[in-house]
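[1] sequence and computational prediction follow.
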Amino acid sequence: MNLFALSCIITAVLTAILCVIILLNNFKSKVNRAWFFNSLAVFIWTIGLHGTVIAGGKENALFWQRILYAGTILIPILFFYFCINLLRREKQNKTFFVGFVFSILFISQIFNKLFISGVADRTDFGYWPVQTGPLYWLFLVYFAFYVVYSIILLKVDSKKYSGIYQKQIQYVYYAALIGFVGGSTNFLLDFNLNVYP
């Protein structure tokens, strides 16, 4: 097992532990529930990523890529949902609902060649890069919109508050900025840019 595959397993285990902790601590809180679902999406993504990296053949890799993309599709909309609950922005629920509908539509197409048509064996990560279909571009727009919008809301609202609540928002803002910038490098392999994800 290579270091990247090992890092996926470590991330998946830590995320699963986080999910259990959230379940056991005030799951009635909207913010906690929103973070639980976001963490669950990250768990699905890391399990799919691990399966992709260690897959021994194209069919197996394609299966794990589709699991990976189920998580990838859910992460931006569930992170947005977490943000609007953390920031008490109930007026953004309509924006969330539209994105959630899109996420369900994308997930319904992950086994369709219009979204992912195959995998390629051209990097050190085995069968990682996906061969994309026309829906993939719409997915990238959806992904970028909800990630960027979430980060903007966090930045704007962090200036409205003070004390510990402001610090909490700032921590989420910086973590999101680092996580999504780093995580977005995963898409580069799909476009023949052999950048380490």
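    Arrived safely.

[2] three-state assignment of the residue nearest to the spatial centre of the chain?
    Centroid-nearest residue in the chain, with CA atoms, centre = their mean: Ile75, separated by 3.2 Å. When classified by DSSP: H, G, I helix; E, B strand; the rest coil, Ile75 comes out as helix.

[3] so who does the residue lying closest to it once chain neighbours are set aside touch?
    Closest residue in space to Ile75, ignoring its immediate chain neighbours: Ala41 at 4.7 Å, by CB to CB, 6 or more residues apart in numbering. All C-beta spots, glycine's among them, are computed from the backbone N, C-alpha and C. Taking CB atoms under 8 Å, 6 or more residues apart in numbering, we find Ala41 in contact with Gly71, Leu74, Ile75, Leu78.

[4] okay, and the first one sits in which element?
    In other words, Gly71. helix 58-86 (DSSP states H and E).

[5] hmm, back to that, residue contacts, the residue nearest to the centre of the chain?
    Shown in contact with Ile75 (CB under 8 Å, 6+ apart): Asn38, Ala41, Val42, Trp45.

[6] re earlier: list the buried residues in the next helix or strand after the helix holding Gly71.
    Of the helices and strands lying after helix 58-86 in sequence (DSSP H and E), the nearest is helix 93-108. Of the residues in helix 93-108, Thr95, Phe96, Gly99, Phe102, Ser103, Phe106, Ile107 count as buried by neighbour count, 16 or more other CB atoms under 10 Å.

[7] quick one: contacts of helix 93-108?
    Residues from elsewhere that reach helix 93-108 (CB under 8 Å, 6+ apart): 69-70, 73-74, 76-77, 80-81, 84, 115, 135, 139, 142, 145-146, 149.

[8] let's see 6 Å
    Ala70, Ile73, Leu74, Ile77, Tyr81, Phe139, Tyr142, Tyr146 (CB atoms under 6 Å, 6 or more residues apart in numbering).

[9] could you give the number of residues near the third one?
    Other residues near Leu74 number 23, with proximity taken as other CB atoms under 10 Å.

[10] tell me the contacts of it?
    Leu74 neighbours (CB under 6 Å, 6+ apart): Ala41, Ser103.

[11] against Tyr149, how distant is it?
    16 Å (CB to CB, to the nearest Å).

[12] so which other helices or strands are in contact with the worst-scoring helix or strand of the chain on mean pLDDT?
    In the chain, the helix or strand scored least confidently by mean pLDDT, DSSP states H and E is strand 130-132, which has a mean of 81. Here strand 130-132 touches strand 116-119, going by 3 or more CB pairs under 6 Å, 6 or more residues apart in numbering; DSSP states H and E.
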